[in-house]
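Chemist: Pasting the sequence and the predicted coordinates here, then a few questions.
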Amino acid sequence: MDPSAVWQDKNHRWRIEAIRAPDLRFAIYATNGTTESAPLWLYGMPALARWLMIQNIELGDLEEVEL
């Protein structure tokens, strides 16, 4: 499944990939230099909004990554 959009937080600690298949899913990766974690899967916008709030990440803190 290829992502339809990708964002990173301004500190480059997290990468978020949006995937449409048949519902909207988000794969969250913790990044540390050249390594990254296995994905944390979130299903739907409410789950992503909760995760962003828990991580104290605002929408303005996200930078779009070119695909």
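Modeler: Cool, the structure landed.
Chemist: what's across from the residue nearest to Q55 when sequence neighbours are not counted in the sheet?
Modeler: Counting by CB to CB, 6 or more residues apart in numbering, the nearest residue to Q55 once its immediate chain neighbours are dropped is W14, at 7.1 Å. C-beta: built from backbone N, CA, C; applies to glycine. Using DSSP bridges, the beta-bridge partners of W14 come out as A30.
Chemist: give the contact list for the spatially most central residue of the chain.
Modeler: The centroid of the chain falls nearest to I16 when counting by CA atoms, centre = their mean (1.5 Å). Contacts for I16 (CB atoms under 8 Å, 6 or more residues apart in numbering) come out as V6, W7, Q8, F26, A27, I28, Y29, L48, L62.
Chemist: try A21
Modeler: A21 neighbours (CB under 8 Å, 6+ apart): M1.
Chemist: next one: phi and psi at it?
Modeler: phi -160, psi 100 (degrees, to the nearest 10).
Chemist: I'd say the residue nearest to Q55 and I28 touch.
Modeler: Yes. Between W14 and I28 there is a contact at 6.3 Å, judged by CB atoms under 8 Å.
Chemist: Neighbour count for those two, which is higher?
Modeler: Shown here are W14 and I28; by other CB atoms under 10 Å, W14 has more neighbours (22 against 18).
Chemist: Can you name the residues that contact the more buried one?
Modeler: With contacts defined as CB under 8 Å, 6+ apart, W14 is in contact with Q8, I28, Y29, A30, T31, Q55, I57.
Chemist: could you flag which of these are buried?
Modeler: Q8, I28, Y29, I57 (16 or more other CB atoms under 10 Å).
Chemist: Within the helices and strands, which one has the first one?
Modeler: This means Q8. Under the criterion of DSSP states H and E, Q8 resides in strand 5-9.
Chemist: hmm, back to that, among the contacts of I16, which one sits closest to P39?
Modeler: A27 (3.9 Å; CB to CB).
Chemist: Name the residue most distant from the centre of the chain?
Modeler: Largest centre distance within the chain, by CA atoms, centre = their mean: P22, 18.0 Å.
Chemist: So E66 versus V6, what's the distance?
Modeler: For E66, the distance to V6 equals 8 Å [CB to CB, to the nearest Å].
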